[in-house]
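**Student:** Next come a sequence and a model predicted from it.
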Amino acid sequence: MIPFSPPYISEKVVAEVVDSLNSGWITTGPKVKLLEEEISNYLDIPNVLCVNSWTSGAIMILRWLGLQEGDEVIIPAYTYSATALAVMHAGGTPVMVDSGDDFNMDMGKVQQAITKRTKAIIPVDFAGYPCDYERLNHIITKKEVVDLFEPTSEVQKTLGRILNLSDAAHSLGGIFGHKAVGHKADISIFSLHAVKNITTAEGGAIAINMPAPFSNDGLYDSLRMMTLNCQTKDAFSKSQGGQWRYDITGLGMKINLPDVNAAIGLAQIREYSQLLKRRKEIFQQYLNRFSKMDWAIVPPMEADGIVSSCHLFALRIKDIKEDQRDRMIDEITKLGVSVNVHFIPLPLLSYFKTLGYSINDYPTAHKNYISEISLPIYPQLTDDQVELILDSVCTSYKNVTRSLSKIAG
């Protein structure tokens, strides 16, 4: 069985982790700082803060923003649950909008969802393909939108508009406007979860890009303290001789990334140019085959200064029903290939149904979902394995459609 998304663990990764274990220091310390510097250099964004997950990072940023009960945050209906749950854990209300044909948030519907209670918008770079940040920034800086904005915290008053908080969980390595993802949002949060392009087993990285008069250096320092219960010294600093005294300056969280986890990502990001190159080669192999199939809808990879990180290959099957898609997945699995579906739209999940969200309000998200199959795409795949995956998908489509023809006959 070809697995769907195993982590990339090379000898260099193992050596970096062993080095951390042998150092006698395994929680937040020098390797976390080195990982932040590597990601910062890769993105060309000076301030990057690592945390223990995308979700905890998003909750922290929304709390820093001063989200209060009744405040709204616009998100896509087509995303993983963490996007919505972070808003709710921070005290706000998620307002969902439909997807476009590229899976990303339909920017044409965003302004319609904005009210005086809107405090942030969280666009999601689905599968690693960046959303239209230029259009989103145009919307949130329109005079009528700015005039509608009613701040409920000092941070919001200073910003004076809706926060652009990018859910870049999939898009480390993506490009927008010929720059790394992170330059067109106020704050971007990348996931370093086990299945992501770069992993720390569990983890996240926050790229801070706030406009003046915010000090991004100062914000990094204050958020770093917030990840450690707002303690004025981290454990590594306290461990140095005579440095035991500390203070607690606010209501913080405990969401720091340990060094032993950072070591995995540190080794990987140093190899990332080659890892990303291989992902793109596999993505292109999929495009080459499926672009010739009249039943296949291929995902976007590159257009007008936008480049995908190739985190997922989200294939859609034209004019297929959900049960037929599911039968295809069963057939592909029998042929020795593990595939997945990204994502079940939030309004189809039981919890969000109880909150009153209905999939009928998000027809494009639903249409994308019922026809989507995510194929394996990771640097360890050989060309022979890629061919097997391609053949398995094509064979499964023929088998399912052939059986349907027999039934119809």
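**Tutor:** Alright, I've got the coordinates.
**Student:** Now do the domain split for the chain, please.
**Tutor:** Per automatic domain parsing, the structural domains of the chain span 11-269, 272-408.
**Student:** Check the ones you listed for me and report the most buried one.
**Tutor:** With neighbours taken as mean count of other CB atoms under 10 Å, those reach their highest mean count in domain 11-269, at a mean of 20. All C-beta spots, glycine's among them, are computed from the backbone N, C-alpha and C.
**Student:** coming back round to it: export the domains of the chain to TSV and tack on mean pLDDT and distance to Ile2?
**Tutor:** Output for the domains of the chain, formatted as TSV (pLDDT from 0 to 100; distance: least, CB to CB, whole Å):
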stretch	mean pLDDT	distance to Ile2
domain 11-269	96	15
domain 272-408	96	5
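**Student:** and of the ones you listed, who's closest to Ser5?
**Tutor:** domain 11-269 (4.3 Å; CB to CB).
**Student:** picking that back up, tabulate the domains of the chain in TSV, adding columns for distance to Pro3.
**Tutor:** Formatted as TSV, the domains of the chain follow (distance: least, CB to CB, whole Å):
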stretch	distance to Pro3
domain 11-269	10
domain 272-408	5
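**Student:** right, so of those, which gets closest to Met1?
**Tutor:** Closest approach to Met1 among these (CB to CB): domain 272-408, 5.4 Å.
**Student:** To Phe4, which of the domains of the chain lies closest?
**Tutor:** Among the domains of the chain, if distance is taken as CB to CB, the winner is domain 272-408, at 4.2 Å.
**Student:** now the strands for the stretch 1-150 of the chain?
**Tutor:** For the stretch 1-150 of the chain, strands defined by DSSP state E, counting those that start in this stretch occupy the ranges 47-51, 72-76, 93-97, 118-121.
**Student:** Please give me every residue in contact with Gly66.
**Tutor:** Counting by CB atoms under 8 Å, 6 or more residues apart in numbering, Gly66 makes contact with 119, 152-156.
**Student:** For those residues, give me JSON lines that also has secondary structure and distance to Val14.
**Tutor:** Shown next, in JSON lines, are those (DSSP: H, G, I helix; E, B strand; the rest coil; distance: CB to CB, whole Å):
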{"residue": "Lys119", "secondary structure": "strand", "distance to Val14": "44"}
{"residue": "Thr152", "secondary structure": "coil", "distance to Val14": "48"}
{"residue": "Ser153", "secondary structure": "coil", "distance to Val14": "45"}
{"residue": "Glu154", "secondary structure": "helix", "distance to Val14": "47"}
{"residue": "Val155", "secondary structure": "helix", "distance to Val14": "42"}
{"residue": "Gln156", "secondary structure": "helix", "distance to Val14": "46"}
